[in-house]
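1. Just to be clear, the model below is a prediction. Sequence and coordinates:
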Amino acid sequence: MELNHLTLTYKKNVAILTMDSPPANALSSAMITEMREVLKQLQDNSEVHAIILTGAGRFFAAGANIKEFVPAMGDYNKGFEMSKAGQNLCNELEAMTKPVIAAINGPALGGGLEVAMGCHYRIASDKATLGLPEVKLGLVPSFGGTQRLSRITSIATALELILTGKHIDSQKAFELGIVQLTVSADELMSTAITIASSFIEGNSMQSITRAVESVVQGYYQSISDGLKRENEIFGELFLTSDAKEGVQAFVEKRKPQFRHK
C-alpha cells in the first residue's frame, strides 16, 4: 500500500515503522488510519517477527492533530469517535502478537506517549521528553492514557502527571518505569534493533506469539482466567513441530532448527 504519513523499512525479520509527518508527527486521523492498516499487514506477514515504532526528525509524536479538534468542538459524537480511533490504534498495538518496541527519539506527548504505552517495550533517547498535557487544553488523555499510565506506574503517579500536564525527561521516565531503557540519541536505533533481535533470534515464533498473547491478555483478566489460557497455550504448543524440535534439540545438546510451525 502507498504510505503518506509513515515509512516502513526492514532489518532482517524486524520491521521499522516510522511516523513521518513533519514537523512534529502529529497523530492525524489519516495517520491513525494508515498505521492501523500497516499494523494489520505486519501482523499477517510471517516474515516479520518483531516491530520497532519510531518517529522521523526531532519528534516521536507530538500528540493528536489539534487543528482537527477545532471544527469538532460542540459535537459529542465527533469527540467520541476521535477518542475511539486513537484507542483502537493503541489497543491494536498492544494486541499484536509480535513484540512491538517503541524507540522514542524525541518528544512523545499526549497521543504520542499513549501510542508508546501501547507498545510492549519502550526505549527513550536522552533527547526524549514525555508527558500528557491534555488538561492544559481543557481535555483529558483519550487514547488510553488514563488507564495505561496507572497500570504501568501507579494511580498516584498517573494522577500527578495527568493533572499537572508536566513533561518529564527520559531519565525520570525510566525511574517511574514508563520506559525500560534510556540511551543516547546516537545509540537509539541500534539498541532497539539489538533488543528486538534478542526477543526473536533463536526462538520459535510459535512460542513468541503465544507468550505475548498470554502476558498481555492475561494482564486484563482474572488470575484464574489467565492461568487457564496459559494451560491451553502450553497444550497447543505440544502440537507444533517447533516444540518437538526444541525439546529434541535440548536432549541432543544441539541448536534447534525452528521452522516457526
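-> In hand now; what should we look at? Numbering: from 1, shown residues only.

2. only C-alpha atoms for contact and neighbour calcs from this point on.
-> OK.

3. Which parts of the stretch 151-261 of the chain are strands?
-> Along the stretch 151-261 of the chain, the segments classed as strands by DSSP state E, counting those that start in this stretch run 167-169, 181-183.

4. Can you give the strand pairings for the last one, parallel or anti for each?
-> When you say that, I think you mean strand 181-183. Next to strand 181-183 in the sheet, as set by DSSP bridges, lie strand 121-125 (parallel).

5. Can you report how many residues neighbour residue 148?
-> For residue 148, the count of nearby residues is 16 (other CA atoms under 10 Å).

6. repeat for residue 175
-> 12.

7. from now on call the first residue 2
-> New numbering, starting at 2: the last item is residue 176.

8. Residue 169 versus that one, what's the distance?
-> Distance of residue 176 to residue 169, computed by CA to CA, to the nearest Å: 11 Å.

9. And for residue 198?
-> Distance of residue 198 to residue 169, given as CA to CA: 29 Å.

10. out of these two, which sits in the more crowded spot?
-> Of the pair residue 198 and residue 169, residue 198 is the one with more neighbours under other CA under 10 Å, namely 18 against 15.

11. which residues does the more buried one contact?
-> Residues in contact with residue 198, defined by CA atoms under 8 Å, 6 or more residues apart in numbering, are 15, 51.

12. what does the one 10 residues further on give?
-> Contact criterion CA under 8 Å, 6+ apart gives residue 238 as the residues in contact with residue 208.

13. And the pLDDT at it?
-> Per-residue confidence (pLDDT) for residue 208: 96.

14. just residue 167 next, same as before
-> For residue 167, pLDDT reads 97.

15. okay, now it: neighbour count?
-> Residues within reach of residue 167, counting by other CA under 10 Å, total 16.

16. how much space between it and residue 113?
-> For residue 167, the distance to residue 113 (CA to CA) stands at 15 Å.

17. same thing with residue 29?
-> The value you get for residue 29 to residue 113, if CA to CA is used, is 11 Å.

18. I figured residue 150 hits residue 159, correct?
-> Yes: Residue 150 sits in contact with residue 159 when judged by CA atoms under 8 Å, with a separation of 5.6 Å.

19. Export only the CA atoms of the host helix or strand of residue 18, formatted as CSV.
-> Using DSSP states H and E, residue 18 maps to strand 15-20. C-alpha atoms of strand 15-20 as CSV (Å, rounded to 0.1, in the frame of the first residue of the first chain):
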residue,chain,number,x,y,z
VAL,A,15,12.4,-6.7,12.1
ALA,A,16,10.0,-4.1,10.6
ILE,A,17,10.9,-0.5,11.4
LEU,A,18,7.7,1.7,11.2
THR,A,19,8.4,5.4,11.3
MET,A,20,5.9,8.1,11.8
